[in-house]
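Any chance you could fold what I've pasted below:
(one chain, ligands or ions: 1)
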Amino acid sequence: MASSEEDGTVEEKENNNKKRTKSSLATAWLTFYNIAMTAGWLVLAMTMMRFYIQKGTHKGLYRSIARTLKFFQTFALVEVGHCAIGIVRTSVIVTGVQVCSRIFMVWFITNSIRQIQNEESVILFLVVWTVTEITRYSYYTFNLLNHLPYFIKWARYNFFIILYPLGVIGELLTIYAALPFVRRSGMYSLRLPNKYNVSFDYYYCLIIVMLSYIPLFPQLYFHMLRQRRRVLHGEVIVEKDD
Ligand SMILES: CCCCCCCCCCCCC/C=C/C(=O)SCCNC(=O)CCNC(=O)[C@H](O)C(C)(C)COP(=O)(O)OP(=O)(O)OC[C@H]1O[C@@H](n2cnc3c(N)ncnc32)[C@H](O)[C@@H]1OP(=O)(O)O
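Predicted coordinates for the structure are as follows:
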């Protein structure tokens, strides 16, 4: 009896040690990740400002930041992994939709269609994303370091009220601007007859993507409003599991 109690205690201690190691490893990784992402988006902000001050136009701005943007936005895919392995308390689905829609915008729209890179709508979503990400990653960093200034917390859970809809407007206008080029070029499309006997029309795919904002965006927005009530007003919110 005594020995099994001792075994239990040893096992519990081992489990606690494992959890502590895992959580301090996770905290170290998240701190590194968030600092790197804050720095990346700060570099993007500074490059955009310098470009605009020097050239006095937004034309060519996308090309000047394309590489850095592609790198940091694509790297954000690891956030879906963070949720999946449970080191952050966030839904895989919510994070997945957010990250994938951004990657889609970067790689399959803006990067693929040169003719739309100078559209004002591209600058709109780039500026909105940049402000959002600098605020979001610095919030996570300071939070992990237990030194969170109130104005960063406030900014994280208030800026999105305006920035989220603005970002969506920028993205939708950009996809809309891309439609004629996609239709004319037939890019990423597969016409019949072909050896696989399948057809795919990227033009209609983009229309479906635009329509999918109607059910998906409100869910992301209301998720953030719930987070805001929880963090700023201390409300206890019961979220549904994935
Ligand atoms: C294949 C094609 C698909 C196309 C589909 C198209 C449809 C698209 C529809 C909608 C598209 C929207 C497009 C939007 C674009 C924009 O971004 S516009 C700019 C404005 N945007 C925003 O303000 C949104 C910002 N986005 C987010 O904040 C996230 O992506 C989120 C997933 C919505 C955030 O949710 P969540 O993580 O749940 O909120 P938090 O409160 O921040 O975090 C919860 C807890 O998790 C901890 N945490 C999360 N990440 C980290 C981290 N990296 N490091 C450390 N900790 C982290 C956080 O601290 C919280 O912890 P607790 O406080 O302990 O709970």
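
With adjacent residues omitted, what lies nearest to the closest residue to the ligand within the chain?
Per C-beta to the nearest ligand atom, the residue of the chain with the smallest distance to the ligand is Gly167, at 2.2 Å. No exception for glycine: its C-beta is placed from N, CA and C like everyone else's. Setting aside the residues directly before and after it, Gly167 is nearest to Val128 in space (C-beta to C-beta, 6 or more residues apart in numbering), at 4.1 Å.

just to revisit the earlier point, next, the contact list for the residue of the chain closest to the ligand, please.
Residues near Gly167 by C-beta atoms under 8 Å, 6 or more residues apart in numbering: 124-125, 128-129, 132.

try it again with 7 Å
Counting by C-beta atoms under 7 Å, 6 or more residues apart in numbering, Gly167 makes contact with 125, 128-129.

List the contacts of the spatially most central residue of the chain.
The centre of the chain sits closest to Val99, judged by C-alpha atoms, centre = their mean, with a distance of 4.0 Å. Contacts for Val99 were tallied using C-beta under 7 Å, 6+ apart; they are 76-77, 79-80.

Would you mind checking which of these is nearest to Asn194?
For the contacts of Val99, the closest approach to Asn194 (C-beta to C-beta) belongs to Leu77, at 30.8 Å.

residues contacting that closest one?
Taking C-beta under 7 Å, 6+ apart as the definition, contacts of Leu77 comprise Val99.

can you give me the helices for this protein?
Across the chain, reading from the start of the chain, the helices by DSSP state H fall at 2-55, 61-75, 78-84, 92-103, 120-144, 150-156, 159-185, 202-233.

other SSEs contacting the last one?
Packed against helix 202-233 by the contact rule (3 or more C-beta pairs under 7 Å, 6 or more residues apart in numbering; DSSP states H and E) you find helix 92-103, helix 159-185.

how about a markdown table for those, with mean pLDDT added?
Formatted as a markdown table, those follow (pLDDT from 0 to 100):
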| stretch | mean pLDDT |
| --- | --- |
| helix 92-103 | 96 |
| helix 159-185 | 98 |
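
Could you save these as CSV and add columns showing distance to Tyr62?
CSV is the format used below for these (distance: least, C-beta to C-beta, whole Å):
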stretch, distance to Tyr62
helix 92-103, 15
helix 159-185, 10
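
winner for burial among the helices of the chain?
Of the helices of the chain, the one with the most neighbours on average (mean count of other C-beta atoms under 10 Å) is helix 120-144, at a mean of 20.

what distance separates that one from the centre of its chain?
9 Å (C-alpha atoms, centre = their mean, to the nearest Å).

what helices or strands is it leaning on?
Helices and strands touching helix 120-144, by 3+ C-beta pairs under 7 Å, 6+ apart, are helix 2-55, helix 150-156, helix 159-185.

With distance to Ile214 added, can I get the ones you listed in CSV?
Putting those into CSV (distance: least, C-beta to C-beta, whole Å) gives the following:
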stretch, distance to Ile214
helix 2-55, 28
helix 150-156, 26
helix 159-185, 10
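
quick one: which of those is nearest Tyr213?
Ranking these by proximity to Tyr213 (C-beta to C-beta) places helix 159-185 first, at 6.2 Å.

if we can go back for a sec, which one of the helices of the chain has the poorest average confidence?
Between the helices of the chain, the lowest average pLDDT goes to helix 2-55, which shows a mean of 82.

The ligand contacts on the chain?
30, 34, 79, 88-90, 94-95, 97-98, 100-101, 104, 128-129, 132, 136, 140, 143-144, 160, 163-164, 167-168, 171, 209, 212-213, 216-217, 220, 223-224, 227 (C-beta under 6 Å from any ligand atom).

at 5 Å what do you get?
By C-beta under 5 Å from any ligand atom, the part of the chain that sits against the ligand consists of 30, 88-90, 94-95, 98, 100-101, 104, 128, 132, 140, 160, 163-164, 167, 209, 212-213, 216-217, 227.
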